[in-house]
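In: no FASTA, just this:
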């Protein structure tokens, strides 16, 4: 079965909807309709997507500045330049990156577009965050990353697709147990805490079953481990992280409705 034959264009997929909100062209009518329904209830949804993406860019630069030279980017989405490997290998051409997503369309584009420097390594696997053991056991991951050395783990705009019944603690503990001290984790998560109750209810109604927004406290609790040390200012709007490095003026946290978190693994 080809990658293309497994792509269901009649059902909206988060990666393709995100691509549309970012202004991309690799999406279908179902993805666009789903995005429009969200925008009716959250008019700044495009801004939220763009701010999450910009947060990722700044986070990779931060991790590269911390000496991280290998990255595991889970829930990467359809390639939109600059991608993780472009930023990381811009800092060090020998940097290594593994992209992970569960949409076969992402794999099609990744094979065509995600080419890194000759000195480094860039690869992509099709896998689901809900099965972290499969990710860690994948041969491409083993061939690309040395899990005895610090890793930059990216979980950008993906945790809100992990519901409580998916056992997010199990998922995160599996990943965090697998990376060594000195690693850095960067994550972002949709939050309802700046929205009126009726807006939250309307958004939840149009989102697919696989959705769980979280308050800042709920988001922080997912990383409540003795070996996880939050980087200041802790849980904060993605629009506020490294704000002096971002385009100005900064949008309001109410319009972005997403929190970011940066943490070091200390053991």
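Out: Perfect, thanks for sending it. Given the structure is predicted, the values throughout are model-derived calculations rather than measurements.

In: going forward, measure contacts and count neighbours with C-alpha atoms only.
Out: Will do.

In: Just give the closest residue to residue 47, not the sequence neighbours.
Out: residue 256 (6.3 Å; Cα to Cα, 6 or more residues apart in numbering).

In: contacting residues around that neighbour?
Out: Listed by Cα atoms under 8 Å, 6 or more residues apart in numbering, the contact set of residue 256 reads 44-45, 47-48, 51, 237-239.

In: Mind checking which of those residues are in strands?
Out: Among the contacts of residue 256, the members falling in strands (DSSP state E) are residue 237.

In: ok, so of the contacts of residue 256, who is nearest residue 14?
Out: residue 45 (13.1 Å; Cα to Cα).

In: Using the three-state scheme, assign the closest residue to that closest one other than its chain neighbours.
Out: Closest residue to residue 45 apart from its sequence neighbours, by Cα to Cα, 6+ apart: residue 39 at 5.7 Å. Here residue 39 is recorded as helix under DSSP: H, G, I helix; E, B strand; the rest coil.

In: Where do the helices of the stretch 151-267 of the chain begin and end?
Out: Here the stretch 151-267 of the chain has its helices, by DSSP state H, counting those that start in this stretch, at 168-178, 197-206, 216-221, 253-256.

In: Also the stretch 1-150 of the chain?
Out: For the stretch 1-150 of the chain, the helices defined by DSSP H, counting those that start in this stretch occupy 14-21, 29-41, 45-65, 84-91, 104-113, 132-137, 139-144.

In: what's around the closest residue to residue 230 other than its chain neighbours, how many residues?
Out: Once flanking residues are discounted, residue 230 sits nearest to residue 263: 4.2 Å by Cα to Cα, 6+ apart. Residue 263 is flanked by 21 other residues according to other Cα atoms under 10 Å.

In: To what extent is the residue lying closest to residue 89 once chain neighbours are set aside buried, counted in neighbours?
Out: Closest residue to residue 89 apart from its sequence neighbours, by Cα to Cα, 6+ apart: residue 95 at 5.3 Å. Residue 95: 25 surrounding residues under other Cα under 10 Å.
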